[in-house]
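Colleague: Using only what follows, build the 3D model:
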Amino acid sequence: MKQILLILLLAALTACASAPKPAPSFVPLPEAARAQLKGVEVLIGVGQQEIEIGNPDYAWLPLQRSGQYGLLSFGGGAQLGIHARASNGQEALFLLAAILTIGLVGSAVGLVVGTGEAGVEGYQQMMANRAAAPLQRSAAGFDFGQRFSEALTGEGGPQVLLKNGQISFVQPATPQNFEAFHAMSAHDAVLIVNMRYAMSTDLNTLVLKTEASLIPKSDAMWRLQYEAYRKGQRMDKLPGKLQTDPLHALYRRVLRYEARLPVKQGDREKAAMDWVKDDARLLLASFNEGLEATARALAADLSGREPAGNMDKAGVTLLQKR
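Modeller: Model prediction:
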């Protein structure tokens, strides 16, 4: 009985503390990889149908949602750091009951508070979506994939693409589709680029968030990845998904470009009109500048130069305007 309760206790604590490991925001490209890289296929994820409005964390735009909102969490025990040695079954049962009780109470309180916040956020979201209708109409004809392709192959783009490279569009931008394109690629490596764009709830700030991961394909690139991540394991013992997992990318950078209205507006409808007046000049110019700044940053990384931008505390590169 005591052993069963201890197992349940351990399982409860493990569930409290477990969380998926996020991919790093920056992994520099090894010099050995840069020297051997002859051709890259860039996979541009496309498929976002409209501007995200009022994303709770619009400034970060996680491409894989954390599940932070709308979920119950039995996190009380782990957060309180309960550490005790169960000397008998009753003590173990008490500890297990305490942990689950704390977790349930915390979840219930969070649910009540979250319900109130959700009501306010829902109203704000509705009003923001209504005011953003002109923005959505103006952005509907903007081809992000094609414009980013032009930025990559134009002046200031990665020169390796001009020598022996290729650009492909992945739609929808799902992990399964990226893996399928990677499997068919005949290049040394595949640069997976996934981009999202959003507007703040007050419609004053536009954000373009990009995740770029260089995944090896040739044997030479695969050996470099193996040396970087093997941690003492033999190559034939490494998990098969290592090669295409962003957690094990040869190079990775998360970038954020941010554009704000020249004069902050307290009224959403006025803010929307500032973006779209003169045939949406400011909105479309901000999209283009964000894509070009992203292309310049990736070109700098692949050529060994430091991109123009600063990193925040999370390691995200904040791109600078020209």
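
Colleague: Not including adjacent chain positions, what is the nearest residue to Tyr257?
Modeller: Leaving aside its sequence neighbours, Tyr257 sits nearest to Gly290 (Cβ to Cβ, 6 or more residues apart in numbering; 3.8 Å). From N, CA and C alone the C-beta is placed, and that goes for glycine too.

Colleague: Quick check: buried residues in the helix or strand harbouring that neighbour?
Modeller: Secondary structure assignment for Gly290, by DSSP states H and E: helix 268-303. For helix 268-303, a neighbour-count test (16 or more other Cβ atoms under 10 Å) marks 268, 271-272, 274-276, 280, 282-284, 286-287, 289-302 as buried.

Colleague: again with stretch 133-142
Modeller: Neighbour-count burial for stretch 133-142 [16+ other Cβ under 10 Å]: 134-136, 138-139, 142.

Colleague: which of those sit farthest apart?
Modeller: Pairwise distances across the buried residues of stretch 133-142 (Cβ to Cβ) peak at 13.9 Å, for the pair Pro134 and Phe142.

Colleague: Surely Asn204 touches Leu261?
Modeller: Yes: between Asn204 and Leu261 there is a contact under Cβ atoms under 8 Å: 5.1 Å.

Colleague: so what sits against both of the two?
Modeller: By Cβ atoms under 8 Å, 6 or more residues apart in numbering, Asn204 and Leu261 have these common neighbours: Ala271.

Colleague: Check the average confidence over the strand or helix carrying Ile167, would you?
Modeller: Using DSSP H and E, Ile167 sits in strand 166-170. Strand 166-170 comes out with an average pLDDT of 92.

Colleague: Which elements pack onto that strand?
Modeller: strand 40-45, helix 144-153, helix 175-184 (3 or more Cβ pairs under 8 Å, 6 or more residues apart in numbering; DSSP states H and E).

Colleague: for the ones you listed, which one ends up most surrounded?
Modeller: Ranked by mean neighbour count, these are led by strand 40-45 with a mean of 23 (mean count of other Cβ atoms under 10 Å).

Colleague: ok and the strand holding Ile167 relative to strand 40-45, angle-wise?
Modeller: 20 degrees (axes from the mean of the first three to the mean of the last three Cα atoms, to 10 degrees).

Colleague: Return strand 166-170 as CSV; C-alpha atoms alone will do.
Modeller: Taking Å, rounded to 0.1, in the frame of the first residue of the first chain, the C-alpha atoms of strand 166-170 are listed here in CSV:
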residue,chain,number,x,y,z
GLN,A,166,15.7,27.0,-54.1
ILE,A,167,12.6,28.5,-52.4
SER,A,168,9.5,26.5,-51.8
PHE,A,169,6.2,27.4,-50.3
VAL,A,170,4.7,25.1,-47.6
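
Colleague: List the pairing partners of it within its sheet, with orientation.
Modeller: Applying DSSP bridges to the sheet, strand 166-170 is found paired with strand 40-45 (parallel).

Colleague: and the next helix or strand after the strand it pairs with, average pLDDT?
Modeller: The first helix or strand that comes after strand 40-45 along the chain, using DSSP H and E, is strand 52-53. For strand 52-53, mean pLDDT is 91.

Colleague: now for strand 52-53, which elements pack on it?
Modeller: Using 3+ Cβ pairs under 8 Å, 6+ apart, strand 52-53 is in contact with helix 89-131, strand 189-199.

Colleague: Now Ala299. Nearest residue, chain neighbours left out?
Modeller: Closest to Ala299 by Cβ to Cβ, 6+ apart is Pro158, at 4.3 Å.

Colleague: now that neighbour: how far from Met273?
Modeller: 38 Å (Cβ to Cβ, to the nearest Å).

Colleague: Out of the helices and strands in this protein, which is least certain?
Modeller: The weakest-scoring helix or strand in the chain, judged by mean pLDDT, DSSP states H and E, is helix 76-80 (a mean of 29).

Colleague: Reformat the helices and strands packed on strand 166-170 as CSV; add distance to Val254 and mean pLDDT.
Modeller: Shown next, in CSV, are the helices and strands packed on strand 166-170 (distance: least, Cβ to Cβ, whole Å; pLDDT from 0 to 100):
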stretch, distance to Val254, mean pLDDT
strand 40-45, 14, 92
helix 144-153, 16, 91
helix 175-184, 16, 90
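
Colleague: Out of those, which gets nearest to Tyr123?
Modeller: helix 144-153 (30.0 Å).

Colleague: Can you name the residues in contact with that closest one?
Modeller: 42, 44, 46, 48, 157-158, 161-162, 167, 169, 171, 193, 195, 197, 287-288, 291-292, 294-295, 298-299.
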